[in-house]
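1. give me a model of this one.
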Amino acid sequence: MINVNDMYSCIDDATVKLFADDTNLFVSGQSIDEVTATANMCISKLNTWFLANKLSLNLDKTCFWSS
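-> Purely as a prediction, here's the structure:
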């Protein structure tokens, strides 16, 4: 059985927020390079978690926002 609440355990460098079937990943850092590296690492970790749980990331519903 898949427990989405353990998704948090695979991410330690960012904040994961879950609501219904949405997953939000919040990353911050001192520079755009740091944020980019952290975001890429977290997405890789999430992808591994998704694959292990036989789930997939819907790229059509995936977006990136920067302030």
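
2. and residue 58, how far from residue 39?
-> Plainly put, residue 58 is 18 Å away from residue 39 if you go by C-beta to C-beta, to the nearest Å. Placement of C-beta: from N, CA and C, glycine included.

3. neighbour count: these two, which is higher?
-> Set side by side, residue 58 and residue 39 show more neighbours around residue 39, with 19 against 8, by other C-beta atoms under 10 Å.

4. surely the more buried one meets residue 11?
-> No. The criterion here is C-beta atoms under 8 Å, and residue 39 misses it with residue 11 at 10.8 Å.

5. okay, and residue 39 sits in which element?
-> Assigned by DSSP states H and E, residue 39 belongs to helix 32-52.

6. contacts for that helix, please.
-> By C-beta atoms under 8 Å, 6 or more residues apart in numbering, the surrounding residues in contact with helix 32-52 are 7, 10-11, 13-14, 23, 25, 27-29, 56-57.

7. low-confidence stretches in this structure?
-> 1-5, 66-67 (pLDDT under 70).

8. again, only using 80
-> Where the chain drops to pLDDT under 80, the residues are 1-6, 8, 21, 57, 59, 64-67.
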